[in-house]
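Asks: Sharing a sequence plus its predicted fold:
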Number of protein chains: 2
Amino acid sequence: MAQKPSIPKGTRDFSSAEVAKRDYIINSIKSNFKRFGFQPIETPSFEKSSTLLGKYGEEGDRLIFKILNSGDFLKKANDEDLSNKNSAKISASIAEKALKYDLTVPFARYVVQHQHELVFPFKRYQVQPVWRADRPQKGRFREFVQCDADVIGSDSLWQEVDFIQLYDQVFNGLKLEGVTIKLNNRKILSGFAEVIGEQDKLIDFTVALDKLDKIGEQGVKDEMLEKGISAEALQKIQPIFSFSGSFNEKIKQLKSILSSSEIGLKGIEELEFLNDALSNYQFQSSQLDLDVTLARGLNYYTGAIFEIAAPSQVKLGSIGGGGRYDDLTGIFGLKNMSGVGISFGLDRIYLVLEELDLFPETLKNTTDLLCLNFGYEESKYMMLAINKLRSAGVNVELYPDQAKFKKQMQYAEKRQINHVLIAGESEMAEDKFSLKNLVTGEQTNYTLDQLVQIFTS
Amino acid sequence: MAQKPSIPKGTRDFSSAEVAKRDYIINSIKSNFKRFGFQPIETPSFEKSSTLLGKYGEEGDRLIFKILNSGDFLKKANDEDLSNKNSAKISASIAEKALKYDLTVPFARYVVQHQHELVFPFKRYQVQPVWRADRPQKGRFREFVQCDADVIGSDSLWQEVDFIQLYDQVFNGLKLEGVTIKLNNRKILSGFAEVIGEQDKLIDFTVALDKLDKIGEQGVKDEMLEKGISAEALQKIQPIFSFSGSFNEKIKQLKSILSSSEIGLKGIEELEFLNDALSNYQFQSSQLDLDVTLARGLNYYTGAIFEIAAPSQVKLGSIGGGGRYDDLTGIFGLKNMSGVGISFGLDRIYLVLEELDLFPETLKNTTDLLCLNFGYEESKYMMLAINKLRSAGVNVELYPDQAKFKKQMQYAEKRQINHVLIAGESEMAEDKFSLKNLVTGEQTNYTLDQLVQIFTS
């Protein structure tokens, strides 16, 4: 019996229309990456399990897809784990490869492995799929493409300046207006913890603060109190719950709150650098917003933290993020390489462009011209036009069968091809081709040279 | 201890230079696919194991990478297989997903699953990685990209005409001359078997004949005799061992050999159709060659068979292939869909272009201009130029650190950036920028508008 075909949950087939839209976003991101001096690299879809495991926490390890060893894999399996049916342990001996979980750890591995071939500061971008055994849900998939750009090997803040502009340029290229580039700095968060005398509770403090959007001021305070942060401490940072005003006004408030914290003041200095360095830059599609509650995987970031919010009329989480980290390659033995990077959320951006109807209409018209098939001699004559038009860069196809006129026209319509070319006895006698515009209904006879001109001008 | 990083055998990291070269080939193939009316689709990296297993023979099943089920996979495992340590059987219950082995079976699955959304004849292309647990060796990898185009749902020979032209156009685009497009037809091979009265030995016959290049006439005959084909039978097809002349001369000989075979004559008719339909086409980079010994996975093809040979000065096997098949989607329950398709061997084409030094020099120059960093004020001034040039489509980067002049120049050199922009006190006073061409050594001061003109004209 034939199988009823389907695909694994959390994975997707992409139709031609979907590929065209995805490529439109990806190409816009890639061309901006290049414009800012980033170069592409690619790493394998799977890494050695030992490269990935232990890098994403316990939860991450569980979500990594492991690849079964080839051949007689049970021969190498640990007997005790096997008889205990210990799934968690046995996979170490029967699955020595794993699909990559993100682009960051493989990138760190790449930099360390190829450090002697690379030119530092090393600016790379990477647009590749990653895999996570997450529970699939709306907008969350088991296979999805990540779009990352990072610079490694320099702690210059000019890179943060570049990344902020890069975000703006990408969204500008996609004609997506109303994006907010939220900016914070880990040192500001450390400063808050220092000021309230709770440096040891930095993580609890920021995890709670990060939820301000969702649970509100009282929710955050309740959580902080619960974690043992005193009411008196909270009083000291009360202003950050109602932080508002321009970038400069916010900086002024921060200077007052953090006046006693060395690290906090360093964070302010970095924010001021970015603000001043960007003072000549005209933001086009987005606005920069200083958001002192922004934390994003705090353990990871050491300086700037970015998060991109979709235009407010679209109800969606962040469509990108990133920040400065100081020791990414340390896990593979290369110390003291400061890095900073950003990421674009392809699937989320897709949803935003779809909802706001921002995909160009022209993405639909993939084939420019369909040549109708009226028989062998007619098609052979048609091939003269087809070859010449293709050589001129026009996307052309011949309907393969001598089907009824109506059927061929329906094919053009369904495929959203806007022009058909017709050549029967009379056109052939005149050495011409009849071009029908399916949008306007107009039909005119042209010579081959005229046709080429029409489609290439 | 830090791990010494490496990647699984048979996989590859691609440097920026390699990605640029691979993209050059892929983009040339894709743009020609589009020019011929093919549309892209994408399928997931992994399929349900049941979709893939049993489709590639026993050897193929062994070479499919299986993905371990998530969570407590041993709970679902078959106890008997587990205690017998039967690796081959147990994988069915602990690995329900598998990485795709080629693009063809997932394509067949796609067509059947989405048949009601598709417009037939359905012309699709697909450029995606596939995975095989093959023993890695020179030019053979465990992860590699396949580039396929197929039409499904029509048996018109105009599609074969298109594919032959498509091959020529792709190699033409890559400036690769001297390629041979070998053409045969399964019906010719069936005709030979019929003429010698050995229809039941068709497979043995063609497997032996396919080796003519490698083991010579006597070797092929020895193998055929060994398989029970009579010396008398071989006498009848003696001419095919020294088949030569033009396409038409070969057709003439075939007509004589196959005069008594209905299917053989049908094959000749199809070959003649292609030859006549192509008579107005000017081959540019390749030549068409009728090769009656060409078989390629005979079980699969039912009509035309293509194979692409690299230019003879490069010692490499085929760099592409394809053919007509009649029941690809039958395995998933959709009968009577004739299809025809071709494939390009990306890795092999890469080796050929590398060996013949055919990659464009310009692939190396990815960033157009490096702006030197002489300090904060200078860099802020430089950003005016950087923003304007990027908006004009120029790839520009600022050296992030205020490093020594020599170090910044070395960075430009190593990155193969041909121009640097310099702005110190004197340039700033004049509202100009000093552009140094690292190839010619020339250095001139320009206004910002002049700079934009230089890089965009």
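Replies: The structure has been received and is ready for your questions. Small disclaimer: the values here were computed from a predicted structure and weren't measured. Residues are numbered from 1 along each chain as shown, chains lettered A, B, ... in the order given.

Asks: So which elements touch the worst-scoring helix or strand of chain A on mean pLDDT?
Replies: Least confident helix or strand, chain A: helix A:79-83 with a mean of 84, by mean pLDDT, DSSP states H and E. Counting contacts by 3 or more Cβ pairs under 8 Å, 6 or more residues apart in numbering or on different chains; DSSP states H and E, helix A:79-83 is packed against helix A:87-94. Bear in mind the C-beta positions are built from the backbone N, C-alpha and C, glycine included.

Asks: Strands of the stretch 51-200 of chain A, start to end?
Replies: For the stretch 51-200 of chain A, strands defined by DSSP state E, counting those that start in this stretch occupy the ranges A:66-67, A:97-99, A:122-131, A:143-152, A:179-185.

Asks: for the residue of the stretch 101-250 of chain A found nearest chain B, what are its contacts?
Replies: Across the stretch 101-250 of chain A, the shortest distance to chain B (Cβ to the nearest Cβ) belongs to A:S156, at 3.6 Å. If you count contacts by Cβ atoms under 8 Å, 6 or more residues apart in numbering or on different chains, A:S156 has them with A:121, B:373, B:400-401.

Asks: how does it look with 10 Å?
Replies: Residues near A:S156 by Cβ atoms under 10 Å, 6 or more residues apart in numbering or on different chains: A:121, A:162, A:338, A:340, B:373, B:379, B:398-403.

Asks: what do you get for A:I454?
Replies: A:369, A:389, A:394, A:419, A:435, A:444, A:446.

Asks: near chain B, from those?
Replies: Counting by Cβ under 10 Å from any Cβ of the partner chain, A:369, A:389, A:394 from these sit close to chain B.

Asks: can I get the residues you listed in a markdown table with pLDDT, neighbour count and secondary structure?
Replies: Below are the ones next to chain B among the contacts of A:I454 laid out as a markdown table (pLDDT from 0 to 100; neighbours: other Cβ atoms under 10 Å in any protein chain shown; DSSP: H, G, I helix; E, B strand; the rest coil):
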| residue | pLDDT | neighbour count | secondary structure |
| --- | --- | --- | --- |
| A:L369 | 98 | 24 | strand |
| A:L389 | 97 | 24 | helix |
| A:V394 | 97 | 20 | coil |
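
Asks: Most neighbours out of the contacts of A:S156, which is it?
Replies: A:V340 (29 neighbours; other Cβ atoms under 10 Å in any protein chain shown).

Asks: List the single closest residue to that residue in space, sequence neighbours excluded.
Replies: Computed as Cβ to Cβ, 6 or more residues apart in numbering or on different chains, the closest residue to A:V340 that is not its neighbour in sequence is A:R324, at 4.3 Å.

Asks: ok, that neighbour to A:F273 distance?
Replies: 12 Å (Cβ to Cβ, to the nearest Å).

Asks: Now do the same contact list for the residue lying closest to A:K211 once chain neighbours are set aside.
Replies: Of all residues not flanking A:K211 in the chain, A:V220 sits nearest, at 6.0 Å (Cβ to Cβ, 6+ apart). Contact partners of A:V220, counting by Cβ under 10 Å, 6+ apart, are A:205, A:207-214, A:234, A:240-241, A:293.

Asks: Quick check: buried residues in the helix or strand harbouring A:V220?
Replies: Under the criterion of DSSP states H and E, A:V220 resides in helix A:212-226. Residues A:212, A:220-221, A:223-224 are the ones in helix A:212-226 that count as buried (16 or more other Cβ atoms under 10 Å in any protein chain shown).

Asks: what would the residues you listed look like in a markdown table with pLDDT?
Replies: Shown next, in a markdown table, are the buried residues of helix A:212-226 (pLDDT from 0 to 100):
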| residue | pLDDT |
| --- | --- |
| A:L212 | 88 |
| A:V220 | 92 |
| A:K221 | 93 |
| A:E223 | 93 |
| A:M224 | 92 |
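
Asks: Between those residues, which sits nearest A:I251?
Replies: The shortest gap between A:I251 and any of the buried residues of helix A:212-226 belongs to A:L212, at 19.3 Å (Cβ to Cβ).

Asks: SS state for the nearest residue to that closest one once chain neighbours are set aside?
Replies: Nearest residue to A:L212, sequence neighbours excluded (Cβ to Cβ, 6+ apart): A:T293, at 4.6 Å. When classified by DSSP: H, G, I helix; E, B strand; the rest coil, A:T293 comes out as coil.

Asks: now swap in the one 3 residues further on and tell me
Replies: For A:R296, the secondary structure call by three-state DSSP comes out as coil.

Asks: just A:G322 next, same as before
Replies: Using three-state DSSP, the structure places A:G322 in strand.

Asks: Which of the helices or strands spans A:E397?
Replies: Using DSSP H and E, A:E397 sits in strand A:396-398.

Asks: Need the residues that contact that strand.
Replies: By Cβ under 10 Å, 6+ apart, strand A:396-398 touches A:367-373, A:379, A:382-383, A:385-390, A:411-412, A:415, A:417, A:419, A:421, A:455, B:35-38, B:121, B:123, B:151, B:156, B:158-159, B:161-162.

Asks: again, 6 Å this time
Replies: Residues from elsewhere that reach strand A:396-398 (Cβ atoms under 6 Å, 6 or more residues apart in numbering or on different chains): A:367, A:369-371, A:386, A:389-390, B:37, B:158.

Asks: quick one: which of those is most hemmed in?
Replies: Most surrounded of the contacts of strand A:396-398: other Cβ under 10 Å gives B:G37, at 28 neighbours.

Asks: distance of it from B:P121?
Replies: In this view, B:G37 and B:P121 are 10 Å apart by Cβ to Cβ.

Asks: Break chain A into its domains for me.
Replies: What automatic domain parsing lists as the domains of chain A is A:19-43+A:102-355, A:365-456.

Asks: Turn those into a markdown table, including distance to B:Q313.
Replies: Listed next are the domains of chain A as a markdown table, based on distance: least, Cβ to Cβ, whole Å:
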| stretch | distance to B:Q313 |
| --- | --- |
| domain A:19-43+A:102-355 | 30 |
| domain A:365-456 | 27 |
